[in-house]
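S.K.: how would this look folded up:
(chains A, B and C)
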Amino acid sequence: MKNKFFSASIIIIFIFIFFIFYKGLENSNIYTPKTNVKKNVPFFEAKLFDSSNKIKSEDIFNKNNFYLFNVWASWCIPCKDEHPFLMKLSENKNIELIGLNYKDSILNAKNFLKKYNNPYKTIIQDIDGTIGIEWGAYGVPETFIINNDKIIKRIIGPINETSFLEIKEIIK
Amino acid sequence: MYGRKVKLRFFFVILTLLTLFLTVFLILKSLEKNVVYFQSPSEIKALSEIKKNKIRVGGMVKINSISMKTKEINFIITDFENEINVIYSGVVPNLFTEGKGVVAEGYLKDKNFFLATKILAKHDENYMPPEVKAALQEK
Amino acid sequence: MFSLIGYYSLVFGLLFSFLIVLLSIKNFRDKNILNDKIISLTFFQLFFVIMSFLGLIASFINSDFSNETVFNHSHTTKPLFYKISGTWGNHEGSLLLWLLVLTLFIFIFLLRSKDQTKQYRILTLLFQQIIIIGFFIFIIKTSNPFNYIFPVPKEGLGLNPILQDPALAIHPPILYLGYVGSSIIFSSTLAATSLGYISREWAKHIKKWVLVSWIFLTFGILLGSIWAYYELGWGGFWFWDPVENVSLMPWLALTTLFHCILVLEKRLILTSWVIILSISTFALSMCGTFLVRSGILNSVHTFANDPERGLFILIFLFCLIFLALFIFFFFHRVQNKDTNSFFWLSKETSILINNWFMMYFLSVVLIGTVYPIFLEVLSSEKISVGPPFYNKLIIPFLIPFLFAMAIGPKLKWIKSNLENKLFLIIFFIISLFLSISITRNLNSSFLINTVLIASAFYLFLITLRDFVINKFKNLSQTIAHFGFSLLILSILLNNIFSTEIITNLKIGETFRSEKFNINFEKIEQQNKQNFRSITGKFNIKNSNGTSEVLNPELRIYNQPNIVTSEADIKMNMFTDKFMTMNLVQNQEHFNIRYQVKPFMIWIWISVMLISFGGIITFFKKKYEK
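M.R.: Numbers count the residues shown, from 1 in each chain, chains lettered A, B, ... in the order given. This is a model prediction of the structure:
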């Protein structure tokens, strides 16, 4: 009797610990700061992808339009997942797609675009990753939605069905 | 009547339980005093009063905000919504760079100034958010 | 190519696991002796895991970036040594190493346990295979080290330079040998419990495994600590960081277990206690892997991580714990009640008392480590628990602990009188005097420091006397306890007498203080294989006229682009002079830290002595046979 009570209580304690750890997994990564929204577009000057000309950020985001700023690379596997969504978005006239080719070789990147089509209106190069730092990008892929020189939404990781619909909602 | 042995055993069990409770109580009591809370600049802005205990502030080091003097280093931690000025004299970790994540431990002077006693920076430069890693894993 | 071999070897290894399980169950029912096929199957399993591991190493050496793990953690300019050590420096590779050690240990276990009964060996093998299968599935499903990337990248992302260090290159394998060694203890305990075989013979047999894992764990922790001392540039060796705590917890449990097994071997008491400790040692090792790898911990050491993996380890860990609890509750029966009594003044009591203290230390560390997780889940407050918590709760209890360590070994089993009372008292007075002569100039916390140092000296003197009087009797125990007293002494003296200067200097500037002047003369730049080095030249003039030159270094790695600082440490028998230099982007000032740390080297020496004690015990038993 005493023994059963004892074993039962131990098992309950362990189930409780399991539950706490399980919950804890959901909100891990405690030091990740909140997403970067409502911040001004950082200023930068970068090389264009298909020529050696330089372009300034204000020349890119010059219209009162929606812009999608997408950090991608040919070596990045999830970039392929989000590619169809980008292609769909590129047909939409309300939004202009800007690609930031992050730490990539031009040749690989060109092959990538040849294979999967090019959704971007403008592509800029970021060979050493400094522009990525300016934007505070976490990794590849990452997407920023810009309106009026303000970052209004940020998607870390590949665009999926949900975030695709959200973007469509925003630019309606 | 119970035998002497049973009594002794009973006494022993009580003693063990008592020590156990006392230990747990002791540990929890000193936990209360020694924990360091973690807050973001926005949470600090929202505080109703400035407490005297040690806290940790986490966020990004704002670009162009670091200034160094012989005695101290000043910089700004931002979570892209709110900012806080940090005054620090001590060792700077290697990964402490503008535009990167940082955690400062210390005391609040007021809502805008933070006196740091320690700065921690993440070891990992190639930090990737879990969503990206998970997507990579599916392949 | 190598990745492919690696991957298929892994799958074959898993298949062999199932074969072994099937064959073992069949063999368990038959009344024959252990089927030799089982041993050869285990050997094949080990062989395939080794192949898989070699495949990964080969991919790293060849910089085969079509392999995702290699791409994420390697770079062509990395020196060969770090290409190889990069294999286990990451999550996927380190799990493969876990698996390798798991299979290696069970194979050795089968070879070395020929004198045990067939049923016990098979059951141990079965339990171990459960763990091994769990790890196989975990690796193949959530952290496959042989993932393929297309198109093949030209260059890898590089290994975090902070990990490019000799001590850290061998730290994980050694620590894992310790962690995984506890898995054998776990399986064997479960097997012995379900067969009712917890006996003195069993204790004698499993003691070696306890020792092996204990020795490796001790060395592993030591290496990690040394690395933190000179690489992290904080000038400390233990920060009570959760990641460090998770390696300390199994160590505490294992140390306790070892002492208990000594008692079990002599007296066949404390059986339940031994079972609980074996289970918790392994649970704590697994828990460590879970906490570090899941990202649930709020630590500065946590590397990129993935909750899905955490979930897998979590479920697996709790399945094992429940299995263990089930076996413990249903199969374990306490035998031979009458031998259960002993006089209060005996070796058993003193070991038991110290066990309780160890359990107390363990629970302090455990609570300090997991409390933040609990609090965050229950109230969504984010906290961390700092060193003051641990210091306050652990340090005072070291005093009785040290005394028990000094007097305990003097006692006899079952019932004893204190002999040589005079000696014990005289030694106590001497150590008190020694202690006061050291602490008399202290202003703050004089009392606690005096008593602490006195108790450490007490153990120190008594074990020293044992060396002289007993010569080689109980040598291992004397050395280990002596090492422990030395450890506590050096940590205390180091804490009390360290001085530290932190300042920001430009080139050419001088920092002045009462004790010394630090002159920042110049910097030199050099290009190395995969980093650029900046070395500072600092001239330190002490007030007593002596002077010293220290050259801390900064390394700017090219891939990934990270700065690390290499401390310059002038080490001698009495003090370490420790200097680090840090650079902040776009600033003229360098951040300088200069520390004078007495008795630093003795901390390392004493830990080595402690593990040396273990090594002696391990070999001594062999000679007796």
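S.K.: Only C-alpha atoms from now on, for both contacts and neighbour counts.
M.R.: Will do.
S.K.: Low-confidence regions, chain A specifically.
M.R.: Judged against pLDDT under 70, the low-scoring parts of chain A cover residues A:1-3, A:26-39, A:128-129, A:133-134, A:136-139, A:156.
S.K.: For it, just list every one of the strands.
M.R.: Taking DSSP state E as the criterion, chain A carries its strands at A:39-40, A:45-47, A:54-56, A:66-72, A:95-102, A:122-126, A:142-147, A:150-156.
S.K.: Would you reformat these as JSON lines and include mean neighbour count and distance to chain C?
M.R.: Supplementary listing: those in JSON lines, determined by neighbours: other Cα atoms under 10 Å in any protein chain shown; distance: least, Cα to the nearest Cα, whole Å:
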{"stretch": "strand A:39-40", "mean neighbour count": "15", "distance to chain C": "23"}
{"stretch": "strand A:45-47", "mean neighbour count": "16", "distance to chain C": "20"}
{"stretch": "strand A:54-56", "mean neighbour count": "13", "distance to chain C": "23"}
{"stretch": "strand A:66-72", "mean neighbour count": "24", "distance to chain C": "14"}
{"stretch": "strand A:95-102", "mean neighbour count": "24", "distance to chain C": "13"}
{"stretch": "strand A:122-126", "mean neighbour count": "20", "distance to chain C": "15"}
{"stretch": "strand A:142-147", "mean neighbour count": "22", "distance to chain C": "17"}
{"stretch": "strand A:150-156", "mean neighbour count": "19", "distance to chain C": "15"}
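S.K.: quick one, strands of chain B?
M.R.: Read by DSSP E, chain B holds these strands, from start to end of the chain: B:35-39, B:55-61, B:67-68, B:73-78, B:83-88, B:101-108, B:113-120.
S.K.: Identify all contacting residues around the third one.
M.R.: Which is strand B:67-68. Counting by Cα atoms under 8 Å, 6 or more residues apart in numbering or on different chains, the neighbours of strand B:67-68 from elsewhere in the structure are B:73-75, C:504, C:587-589.
S.K.: Which of these has the largest number of neighbours?
M.R.: Going through the contacts of strand B:67-68 with other Cα atoms under 10 Å in any protein chain shown as the criterion, the one with the most neighbours is C:Asn504, at 24 neighbours.
S.K.: List the buried residues in the strand or helix carrying that residue.
M.R.: Assigned by DSSP states H and E, C:Asn504 belongs to strand C:499-505. Of the residues in strand C:499-505, those with enough neighbours to count as buried (16 or more other Cα atoms under 10 Å in any protein chain shown) are C:501-505.
S.K.: Span of stretch A:117-132 from start to end?
M.R.: In terms of Cα to Cα, to the nearest Å, the two terminal residues of stretch A:117-132 are separated by 23 Å.
S.K.: so what's the nearest residue to B:Lys45 once chain neighbours are set aside up against?
M.R.: Sequence neighbours aside, B:Lys111 is the residue nearest to B:Lys45 in space, at 6.0 Å (criterion: Cα to Cα, 6 or more residues apart in numbering or on different chains). If you count contacts by Cα under 8 Å, 6+ apart, B:Lys111 has them with B:44-45, B:50, B:84.
S.K.: from these, which would you call buried?
M.R.: Buried subset of the contacts of B:Lys111 (neighbour count, 16+ other Cα under 10 Å): B:44, B:84.
S.K.: Among the contacts of B:Lys111, which one sits closest to C:Phe109?
M.R.: When the contacts of B:Lys111 are compared for distance to C:Phe109 (Cα to Cα), B:Ile44 wins out at 56.8 Å.
S.K.: Check the gap between the closest one and B:Phe113 for me.
M.R.: Counting by Cα to Cα, the gap from B:Ile44 to B:Phe113 is 10 Å.
S.K.: Pop out the phi and psi values for A:Asn53.
M.R.: Geometry field for A:Asn53 lists phi and psi as phi -70, psi 150, criterion degrees, to the nearest 10.
S.K.: Next up, the contacts around residue 64.
M.R.: Let's take chain A. Taking Cα under 8 Å, 6+ apart as the contact definition, A:Asn64 lies against A:147-148.
S.K.: Switch to chain C, please.
M.R.: Taking Cα under 8 Å, 6+ apart as the contact definition, C:Asp64 lies against C:70-71.
S.K.: helices or strands up against the longest helix anywhere in chain B?
M.R.: Longest among the helix segments of chain B by residue count, using DSSP state H, is helix B:4-34. Applying 3 or more Cα pairs under 8 Å, 6 or more residues apart in numbering or on different chains; DSSP states H and E, one finds that helix B:4-34 contacts helix C:347-379, helix C:387-407.
S.K.: Just want the angle from it to helix C:387-407.
M.R.: Here helix B:4-34 points in a direction 150 degrees away from that of helix C:387-407 (axes from the mean of the first three to the mean of the last three Cα atoms, to 10 degrees).
S.K.: now helix B:4-34: how far from the chain's centre is it?
M.R.: 30 Å (Cα atoms, centre = their mean, to the nearest Å).
S.K.: Report the buried residues of that helix.
M.R.: When neighbours are counted by 16+ other Cα under 10 Å, the buried residues of helix B:4-34 are found to be B:23, B:27-28, B:31, B:34.
S.K.: neighbouring contacts of stretch A:101-111?
M.R.: Where contact means Cα under 8 Å, 6+ apart, the residues beyond stretch A:101-111 that reach it are A:49, A:71-75, A:123-129, A:132, A:140, C:151.
S.K.: start to end distance for that stretch?
M.R.: End-to-end distance for stretch A:101-111: 13 Å, by Cα to Cα.
S.K.: And stretch C:438-450, by the same measure?
M.R.: Between the opening and closing residues of stretch C:438-450 we find a distance of 8 Å, counting by Cα to Cα.
S.K.: Go through the helices and strands packed on helix B:4-34 and name the closest to C:Asp115.
M.R.: Across the helices and strands packed on helix B:4-34, the minimum distance to C:Asp115, taken as Cα to Cα, is reached by helix C:347-379, at 28.9 Å.
S.K.: Next secondary structure after the closest one?
M.R.: Scanning forward in sequence from helix C:347-379 by DSSP H and E, the next helix or strand is strand C:383-385.
S.K.: Show me the contact partners of that next one.
M.R.: Contacts of strand C:383-385 with the rest of the structure, by Cα under 8 Å, 6+ apart, involve B:31, B:34-38, C:298, C:368-369, C:372, C:375-376.
S.K.: Closest one to A:Ile15 out of those residues, please.
M.R.: Taking Cα to Cα as the measure, C:Leu375 is the one of the contacts of strand C:383-385 closest to A:Ile15, at 16.9 Å.
S.K.: before we move on, the earlier item: could you name the helices and strands sitting against the strand holding C:Asn504?
M.R.: With contacts defined as 3+ Cα pairs under 8 Å, 6+ apart, the secondary structure elements packing on strand C:499-505 are strand C:590-598.
S.K.: Okay, now the sheet partners of the strand it packs on, with direction.
M.R.: Paired with strand C:590-598 in the same sheet, following DSSP bridges, are strand C:499-505 (antiparallel), strand C:575-583 (antiparallel).
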